[in-house]
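*Asks:* show me the folded form of this:
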Amino acid sequence: MTLRPYKYVLPTYRPIVLFSRNYLPMVRINLKRATVLLVTGRAEPVDLLGKTWQMRSPSLTLEIPEHLRLRAGDSEHIWKTPPVNRREVLRRDGHSCQYCGSKRQLTLDHVVPRSQGGAHTWDNVVTACAPCNSRKGARTPELANMPLKQRPKAPMHPVVAFAEQFWKEQKN
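*Replies:* The predicted structure is shown next:
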């Protein structure tokens with residue numbers, strides 16, 4: 001019978017939520033990253049009555065809470081929406097035509113045509129395939145009888161999206 005040495009592997013991902021200086025939940029981090037932030041003094045524990053984990057070394061036992069708050073950083077950060085450009089519109093629309101769902105010959109289309117006073121904004125630009133774009137022409141989707149699959153809107157910054165999701169989960 002051969003004995004194998006016992007090796008404990010530390011789980012690298014634990015759901016630890018990192019808050020900004022002004023208590024905006026920003027991201028989930030792993031246990032190693034949380035330990036580094038606590039030991040270096042760049043984060044502090046937030047007492048939200050959550051779980052804690054113990055990290056032990058020969059000379060130190062560290063309690064790592066479920067929620068951490070950064071001590072430094074810009075507390076008045078303004079999350080800007082990206083500029084309207086082809087790459088960002090294609091990403092928002094999932095690289096598919098918003099009229100028929102095709103993924104070929106993609107172009108940008110103004111929902112309210114610029115010839116009718118439509119602006120080049122997030123709420124007015126969608127992805128369209130070349131055949132749908134030419135079929136729609138300089139008309140609105142209602143006049144062309146071509147309904148949109150989803151209503152266009154500005155993309156949300158990932159940190160803001162995470163914060164909204166976090167507070168929804170806490171509410172439930």
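*Asks:* so what does the closest residue to T140 other than its chain neighbours have for phi and psi?
*Replies:* Take T140 and drop its neighbours on the chain: the residue closest to it by CB to CB, 6 or more residues apart in numbering is V112, 5.9 Å away. Heads up, the C-betas are built off the backbone N, CA and C, glycines and all. Main-chain torsions, V112, degrees, to the nearest 10: phi -100, psi 110.
*Asks:* from what I can see V112 touches N124, true?
*Replies:* Yes. If you go by CB atoms under 8 Å, V112 and N124 touch, sitting 5.7 Å apart.
*Asks:* need the overlap of contacts for those two.
*Replies:* Listed as contacting both V112 and N124 by CB atoms under 8 Å, 6 or more residues apart in numbering are G118.
*Asks:* so where do the strands sit in the chain?
*Replies:* Ranges of strands within the chain are 16-19, 25-29, 43-45, 52-56, 61-65, 67-70, 106-110, 125-129, based on DSSP state E.
*Asks:* quickly compare the ones you listed and say which is most buried.
*Replies:* Each of these was scored by mean neighbour count; the highest is strand 125-129, a mean of 25, by mean count of other CB atoms under 10 Å.
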